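Enquirer: Here is a sequence with its predicted model. Questions after.
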Amino acid sequence: VSVEFAPTSQQQFLAASSGLLPKPEQVAPGVWAIAAPIPMGQLTHTLSYVLRDELGRLHLIDPGWDSDHNLSVLAATLITLGFRLDQVASTISTHHHPDHLGIADRLRREYGAELMLAAVEVDVLAHETRSVESLRTDYSGTLDRWGVPSARWVELEKSFDRPVLMGPVTPDRALADGEVIEIPGHPLEVVGTPGHSGGHICLADRDRRILYSGDHVLPHIFSGIGIGFLPGTDPLADYYSSLTRIADFDEFEVMPGHEFRFTGLRKRCETIAAHHLHRTNEVRELSGWLGDARVWTYAENMTWTGGFDSLSGFSLHSALRQSEMHLALVRSEAPGAPPSLGSTATRELGS
Ligand SMILES: [Zn+2]
């Protein structure tokens with residue numbers, strides 16, 4: 001039985017389109033959705049989830065941005081729900097981005113909250129936060145391999161020099177795909193969904209038929225792909241597999257990391273896959289006559305809003321990265337084709 005796509009919280013839905021923060025709301029027995037403000041970028045807030053276990057302790061999924069402001073917002077929000085910060089016993093982050101994992105380490109330091117993150121994502125974060133020299137050298141290698149004309153190197157390197165928002169983290173518990181986190185009254189199954197980032201996970205509560213989807217699947221926005229991944233992996237191929245995998249939770253209500261909760265996951269997964277496949281198909285067609293040309297040449301011949309010539313700085317970087325991922329996938333499909341471009345180091349720590 002396929003459920004049609006539908007928002008399940010009107011106030012979250014209205015908040016998402018108005019740019020206001022939604023009010024905290026109970027979304028299931030022992031589960032509340034709260035908003036954690038994001039101080040930069042296009043998204044106004046993360047949806048965090050508060051789980052109250054049978055012992056009265058709290059567990060936060062995606063606790064949100066690390067700032068004094070957010071800590072006081074979190075404290076005040078918990079009070080409106082009748083809770084306190086010192087009840088927070090653990091945090092589980094779907095991935096390493098600062099709007100999700102952000103404040104987890106501070107909650108551990110100040111309140112002793114056990115920090116949980118997927119083992120793969122720990123490695124991804126370590127890779128993303130390696131030395132500046134190493135990041136720069138690798139990025140030069142990337143520009144060279146992409147075939148970027150020398151006149152464009154400076155702006156790309158400059159766009160790449162952004163503040164580091166996260167440090168490496170050693171979790172108290174490194175999660176593996178398939179394991180169950182035994183929170184009393186809230187057993188959560190870890191579902192590995194790499195793609196948005198290399199070690200992204202969703203969390204399935206089979207009793208309540210809830211899927212906490214992080215940024216893997218959002219109801220309206222198309223999440224970025226490959227925002228932090230390990231060398232030698234193929235983020236786009238992983239993302240497609242992760243969409244297929246998660247579609248099996250079609251009858252679950254989805255609690256995403258942004259926007260609003262919804263039902264109709266399979267339909268949403270199909271829409272997202274079609275959106276990206278459109279691009280993959282474009283690159284596949286181009287490969288018929290561009291052959292083993294480099295990423296720059298492919299990007300020049302692809303369709304971009306406003307045209308390729310209008311891209312500069314970080315938007316140019318993103319376009320090239322996107323082209324590379326689609327090209328890697330297309331080349332991995334064809335027998336006898338040049339080897340996959342592989343993956344390269346980046347420091348893309350967006351949401
Ligand atoms: Zn996010």
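Expert: Perfect, I can see it now. Residues are numbered from 1 along each chain as shown.

Enquirer: Phi, psi for residue 96 please.
Expert: When quoted as degrees, to the nearest 10, the phi and psi of residue 96 stand at phi -90, psi 0.

Enquirer: Please disregard the earlier target; I meant residue 178.
Expert: Dihedral angles for residue 178 - degrees, to the nearest 10 - are phi 90, psi -20.

Enquirer: how about the spatially closest residue to it that is not a sequence neighbour, what does it touch?
Expert: With CB to CB, 6 or more residues apart in numbering as the criterion, residue 178 has its nearest non-adjacent residue at 6.4 Å, and that residue is residue 190. Where you see a C-beta, it was placed from the backbone N, CA and C, and this is true even at glycine. Contacts here follow CB atoms under 8 Å, 6 or more residues apart in numbering; on that basis residue 190 touches 118, 175-181, 201, 203.

Enquirer: among those, which two are most distant?
Expert: Using CB to CB, the pair of those lying farthest apart is 118 and 180, separated by 13.9 Å.

Enquirer: For those two, work out which one has more neighbours and name it.
Expert: Set side by side, residue 118 and residue 180 show more neighbours around residue 118, with 28 against 12, by other CB atoms under 10 Å.

Enquirer: how many neighbours does residue 251 have?
Expert: 14.

Enquirer: gap between it and the ion?
Expert: According to CB to the ion, to the nearest Å, residue 251 stands 25 Å off from the ion.

Enquirer: tell me which element residue 318 falls in.
Expert: Using DSSP states H and E, residue 318 maps to helix 313-333.

Enquirer: Buried ones in that helix, by neighbour count?
Expert: Using 16 or more other CB atoms under 10 Å as the test for burial, helix 313-333 gives 314, 316-331.

Enquirer: what does stretch 124-133 give?
Expert: Result for stretch 124-133 [16+ other CB under 10 Å]: buried residues 124-125, 127-129.

Enquirer: how about the closest residue to the ion within the stretch 1-150 of the chain, what does it touch?
Expert: Nearest to the ion, among the residues of the stretch 1-150 of the chain, is residue 99, at 4.4 Å (CB to the ion). By CB under 8 Å, 6+ apart, residue 99 lies in contact with 36, 38, 43, 46, 62, 64-65, 257, 351.

Enquirer: Kindly state the beta-bridge partners for the closest residue in space to residue 201 that isn't next to it in sequence.
Expert: Counting by CB to CB, 6+ apart, residue 118 is the residue found nearest to residue 201 once chain neighbours are left out, at 4.7 Å. Listed beta-bridge partners, residue 118: residue 175 (assigned using DSSP bridges).

Enquirer: What pairs with the helix or strand hosting the residue nearest to residue 178, parallel or antiparallel?
Expert: Using DSSP H and E, residue 190 sits within strand 186-192. Strand 186-192 has the following strand partners under DSSP bridges: strand 180-183 (antiparallel), strand 201-205 (antiparallel).

Enquirer: Residue 85 versus residue 111, what's the distance?
Expert: 6 Å (CB to CB, to the nearest Å).

Enquirer: Neighbour count for those two, which is higher?
Expert: Of the pair residue 111 and residue 85, residue 85 is the one with more neighbours under other CB under 10 Å, namely 18 against 15.

Enquirer: give me the element residue 116 is part of.
Expert: Secondary structure assignment for residue 116, by DSSP H and E: strand 114-118.

Enquirer: Name the residues that touch that strand?
Expert: The contact list for strand 114-118 (CB under 8 Å, 6+ apart) reads 89-93, 95-96, 101, 104-105, 107-108, 125, 169, 171-177, 181, 190, 192, 199-201.

Enquirer: Just the buried ones from these?
Expert: Buried, going by 16+ other CB under 10 Å: 89-93, 95-96, 101, 104-105, 107-108, 125, 169, 171, 174-175, 177, 181, 190, 192, 199-201, out of the contacts of strand 114-118.
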